[in-house]
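*Asks:* could you look at this predicted model? Sequence included:
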Protein chains: 2
Amino acid sequence: MQRHFDQELQELKSTLIKMGSLAEQSIEKAIQSLLLQDKELALLVINDDFRINNFEIEIDTAIVDLLALQQPVASDLRFILAAAKINSDLERIGDHAVNIAQSSLKLSEQTSFSPSTWETLPLGDELRRITHITKQMLTDAINSFIHLDAMLGENVLLVDDVVDSLNKQIISDLINVMKNNSQFIDQSLELIRVSRNLERVADLATNIAEDVVFITKAKNVKHHATDISDGEKKMNIEK
Amino acid sequence: MQRHFDQELQELKSTLIKMGSLAEQSIEKAIQSLLLQDKELALLVINDDFRINNFEIEIDTAIVDLLALQQPVASDLRFILAAAKINSDLERIGDHAVNIAQSSLKLSEQTSFSPSTWETLPLGDELRRITHITKQMLTDAINSFIHLDAMLGENVLLVDDVVDSLNKQIISDLINVMKNNSQFIDQSLELIRVSRNLERVADLATNIAEDVVFITKAKNVKHHATDISDGEKKMNIEK
């Protein structure tokens, strides 16, 4: 029974890793479609979203199975509960990739916007920077889950504020662009949408990292909660 | 043991209902602060968010307890898993209330915006309508959970498309406002943000309603999945 259980737990983890890799690729492709103004890549992201959604349903069902039939305790239970949250976070990351791909398509409909436009945009560097940091946060969050590496997870938490302030700066710059030149309103709005979606992806990467810390340290770091591991020890659910 | 378990389950439900009522009030207050341009009400929403966050941590901890110590099966397990999701949905609804309250504050900083502005806005009616429908969806979703009323839950699912298309209409109207008059750019952007946040609240109300359908009918209606109750029966987790 225990061996069977370990195997199912391993399968759950490997399905989540596959889903994480798919979500990461979708974000990567959505961003590339934006930077290169590549419509086909954007359409690929939009059409592939059902695969991420299918993973979500598959993982939800596996979790119900595991909890109902195996009645896990201690660190296994903690792992399964975190897996349920990571599952829904990854599904939402897929949705944000779709949003970015949609913005990319809308930008490509505008004759005045081409890959070289990025070079001329005053905030091209900031947009590239928020893109780069968010992608790295997501990769690190997923890797921290794969290797149950709490230290890597904690590093992710530290970077979230940088993305928040970059996002604010980009929005404020784009508002100025719109005020100075009303013909850039549509484009600026799409870029604001992209920036906000990236900021949400960074938030979700942060959630995943928090869950990894929860799995490995039995500590709820959400909303800067105090360490609850003492309470859990009292409940004797530590292995 | 069973009696003790039923009591804990009842407590979990009543804590979730309290949290739901708080989230509903926050959305209501945020919207009122916007329509009446009432700064104090907006600040109240922002300052009260920690109470919703505390509920989230309390409920998460109760769920870990219930699963670890009681090892529930069948419909109880389904209820607890849905409670975990509703918990995170309500917390996010609280965040959207804060976003709306922040937009309300930013609008009130602008001398040209007052409660009577709503009457002169060409899209005042649409904004009132999306506000009204979203509030009703949230109330129905929470009531469907309180009474485990699947039919009420299914009604919520039907309205989501209306909010989506209203949101699109409002954004497109506001883009026209910005293009025709650059002095309304800041206000229009805040109103777009409000509309998007309301649309997200409607999505989250939809999630809650889906979870109620899942609890009562053992059917996963997410992403229009096919009925999985057959699979669950096979697993023999029906009571």
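*Replies:* Cool, got the structure. Because the structure is predicted, anything quoted here is derived from the model rather than measured.
*Asks:* ok, is the helix or strand harbouring residue A:210 in contact with chain B or not?
*Replies:* Using DSSP states H and E, the element containing residue A:210 is helix A:185-217. Yes. Using C-beta under 8 Å from any C-beta of the partner chain, helix A:185-217 reaches chain B at A:185, A:186, A:189, A:192. No exception for glycine: its C-beta is placed from N, CA and C like everyone else's.
*Asks:* pull out the buried residues from that helix.
*Replies:* The neighbour-count check on helix A:185-217 (16 or more other C-beta atoms under 10 Å in any protein chain shown) flags A:185-216 as buried.
*Asks:* hmm, which helix or strand of chain A has the shakiest average pLDDT?
*Replies:* Across the helices and strands of chain A, mean pLDDT, DSSP states H and E gives its lowest value to helix A:229-234, namely a mean of 36.
*Asks:* chain neighbours aside, what residue packs nearest to residue A:108?
*Replies:* residue A:37 (5.0 Å; C-beta to C-beta, 6 or more residues apart in numbering or on different chains).
*Asks:* what is the neighbour count of the one you found?
*Replies:* For residue A:37, the count of nearby residues is 20 (other C-beta atoms under 10 Å in any protein chain shown).
*Asks:* surely it touches residue A:106?
*Replies:* No. At 11.1 Å, residue A:37 and residue A:106 do not qualify as touching, with contact defined as C-beta atoms under 8 Å.
*Asks:* tally of neighbours for residue A:164?
*Replies:* Residue A:164 has 14 nearby residues by other C-beta under 10 Å.
*Asks:* and the helix or strand containing it, how far out from the chain middle?
*Replies:* Secondary-structure assignment from DSSP H and E places residue A:164 in helix A:150-180. Taking C-alpha atoms, centre = their mean, to the nearest Å, one finds helix A:150-180 lying 15 Å from the centre of the chain it belongs to.
*Asks:* residue B:25 versus residue A:136, what's the distance?
*Replies:* 39 Å (C-beta to C-beta, to the nearest Å).
*Asks:* returning to what we had before: tell me the one of the residues of helix A:185-217 next to chain B nearest chain B?
*Replies:* Using C-beta to the nearest C-beta, residue A:185 is the member of the residues of helix A:185-217 next to chain B that lies nearest chain B, at 5.3 Å.
*Asks:* can you tell me which residues contact that closest one?
*Replies:* Shown in contact with residue A:185 (C-beta atoms under 8 Å, 6 or more residues apart in numbering or on different chains): A:178, B:175, B:178, B:179, B:185.
*Asks:* let me see the contact set for residue A:148.
*Replies:* A:212, A:215, A:216.
*Asks:* in three-state terms, label it for me.
*Replies:* coil (DSSP: H, G, I helix; E, B strand; the rest coil).
*Asks:* next one: residue A:59
*Replies:* Residue A:59 - assigned by three-state DSSP - is helix.
*Asks:* do you know how far the closest residue to it other than its chain neighbours is from residue A:4?
*Replies:* Spatial nearest neighbour of residue A:59, excluding adjacent residues (C-beta to C-beta, 6+ apart): residue A:87 at 4.5 Å. Residue A:87 sits 22 Å away from residue A:4 when distances are taken as C-beta to C-beta.
*Asks:* out of those two, which sits in the busier spot?
*Replies:* Ranked by neighbour count (other C-beta under 10 Å), residue A:87 and residue A:4 place residue A:87 first, with 23 against 10.
*Asks:* hmm, residue A:16 is touching residue A:145, no?
*Replies:* Yes. Taking contacts as C-beta under 8 Å, residue A:16 lies within contact range of residue A:145: 7.3 Å.
*Asks:* mutual contacts of these two, please.
*Replies:* Common neighbours of residue A:16 and residue A:145 (criterion: C-beta under 8 Å, 6+ apart): residue A:86.
*Asks:* count the neighbours of residue A:177 for me.
*Replies:* 17.
*Asks:* who are the packing partners of the strand or helix carrying residue A:85?
*Replies:* Assigned by DSSP H and E, residue A:85 belongs to helix A:74-108. With contacts defined as 3 or more C-beta pairs under 8 Å, 6 or more residues apart in numbering or on different chains; DSSP states H and E, helix A:74-108 has these neighbours: helix A:2-35, helix A:39-65, helix A:185-217, helix B:39-70, helix B:74-108.
*Asks:* tell me which residues in it are buried?
*Replies:* For helix A:74-108, the neighbour count (16+ other C-beta under 10 Å) marks A:76-108 as buried.
*Asks:* between helix B:39-70 and that helix, find me the angle.
*Replies:* 140 degrees (axes from the mean of the first three to the mean of the last three C-alpha atoms, to 10 degrees).
*Asks:* appreciated, that's everything.
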